[in-house]
Structure formats: structure tokens, C-alpha cells
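Enquirer: My questions concern the predicted model and sequence given below.
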Amino acid sequence: MASNMYAVKCPCCGRSAIIDDYYKTNEQFIYCLRCGYNYAKTIKSYTDQSIEYNEEKYEGNGVFILVKKDGSYENMMLNNVTEKQLEKYKASFIDDNVDLEKSYLVSYKNGVFTILRGNPPENFHLPFEAYRKKMIAKYGNPEFDFMVPIEE
Ligand SMILES: [Zn+2]
């Protein structure tokens, strides 16, 4: 199915999130690898006259990006994360197979980001407007204004 993927301002944290927009069906998926927000709008049912959509939304509580030295990659968007889970994620950094340069664990609560482990990339910290300017400076103007390139 045809979709456009590009960066958008996260409605939760205001940094850069990713949208996967199925423009033919109007279905949309938004996920934020900064705060963990995610949103899905999918078709519930349709007739010839109308389409009914399902909407699901999860407030972000942070992200956990785990990169291993063998090249495997895991990303988890945290929703309703507990202290106990965070402790468990922190513990997974104590592993020789983990690429500590690329892995990170960040919590997001009440509008505040806290880096618990690792070093998020520079783009992680940028508010969406600053991110957009950086992408346009790097890649040039997108074909359509709203199609801001995605970069980790
Ligand atoms: Zn966000």
C-alpha cells in the first residue's frame, strides 16, 4: 500500500516524530522516538458511502534504544512505564554485546526528558523547527513542504 513517511512535530513533546501516512485510505501512524508517543488511525469498517476509523493514542514516557555489536537493533517506545521496568532496562546496559555509543534510555515525564543511560544523538534534542531547518540545510527543500526528511 502506498504511504508517505516523513518527520512531523510530535504532539506530545514537540520534537521530531515520524508519520507514516497512507494517503489513499487516510490511515496514519505517528510514532516519536524521542518521547515514545504513538498514534494509530486505522480503518474499522467501510461501506461504499463511508469509512469508519479506529484511533489509538499512547502518551510517551520515554524511549529505549538498544543497539548490539552484532548489528541488531531494538527500539521500544515506553508508555505507562514503571520504575521497575526502567531498572530492568538500565540493567541491560551491563552487557558486553551492547554498543554503548549508540544505545540509550531516556524517560519522559511531565514534559521533562531525563537521560538515564547512554547518549542520544544530536537530533534527539532538537525541537521540531530546529530539526526541520537542519534537515533542509542538509538535504535541500523537500518536494512537498511538509515532507521533512527522517533522520535518527
Ligand atoms: Zn514526542
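Expert: Ah, there it is. Everything numeric in this text was worked out from a predicted model, so none of it was measured. Residues are numbered from 1 along each chain as shown.
Enquirer: pretty sure residue 151 is touching residue 135, no?
Expert: Yes - taking CB atoms under 8 Å as the definition, residue 151 is a contact partner of residue 135 at 6.5 Å. For the C-beta atoms, the positions are set from N, CA and C on the backbone; glycine is no exception.
Enquirer: of those two, who's got more company?
Expert: Using other CB atoms under 10 Å as the criterion, residue 151 and residue 135 rank with residue 135 on top: 21 against 14.
Enquirer: Return the residues in contact with the more buried one.
Expert: 7, 148, 149, 151 (CB atoms under 8 Å, 6 or more residues apart in numbering).
Enquirer: Just those residues: which are in strands?
Expert: Those of the contacts of residue 135 mapping onto strands are residue 7, per DSSP state E.
Enquirer: Got a quick ChimeraX command for the buried subset of the contacts of residue 135?
Expert: Of these, the buried ones go into a single ChimeraX selection, burial set by 16 or more other CB atoms under 10 Å:
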select :7,148,149
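Enquirer: just the contacts of residue 135 now: which is nearest the ion?
Expert: Nearest to the ion among the contacts of residue 135 is residue 7, at 11.3 Å by CB to the ion.
Enquirer: Hmm, residue 150 and that closest one touching each other?
Expert: Yes - here residue 7 reaches residue 150: they are 5.1 Å apart, a contact under CB under 8 Å.
Enquirer: which neighbours do those two share?
Expert: 16, 18.
Enquirer: List the buried residues in stretch 113-125.
Expert: Using 16+ other CB under 10 Å as the test for burial, stretch 113-125 gives 113, 117, 118, 120, 123, 124.
Enquirer: is the ion contacted by that stretch?
Expert: No - using CB under 5 Å from the ion, we find that stretch 113-125 stays clear of the ion, coming within 9.5 Å at best.
Enquirer: Out of the helices and strands in this structure, which is least certain?
Expert: Comparing every helix and strand of the chain by mean pLDDT, DSSP states H and E singles out strand 73-77 as the least confident one, with a mean of 93.
Enquirer: Remind me what it packs against, helices and strands.
Expert: In terms of contacts (3 or more CB pairs under 8 Å, 6 or more residues apart in numbering; DSSP states H and E), strand 73-77 is packed against strand 62-67.
Enquirer: Please report how far residue 23 lies from the ion.
Expert: Distance of residue 23 to the ion, given as CB to the ion, to the nearest Å: 23 Å.
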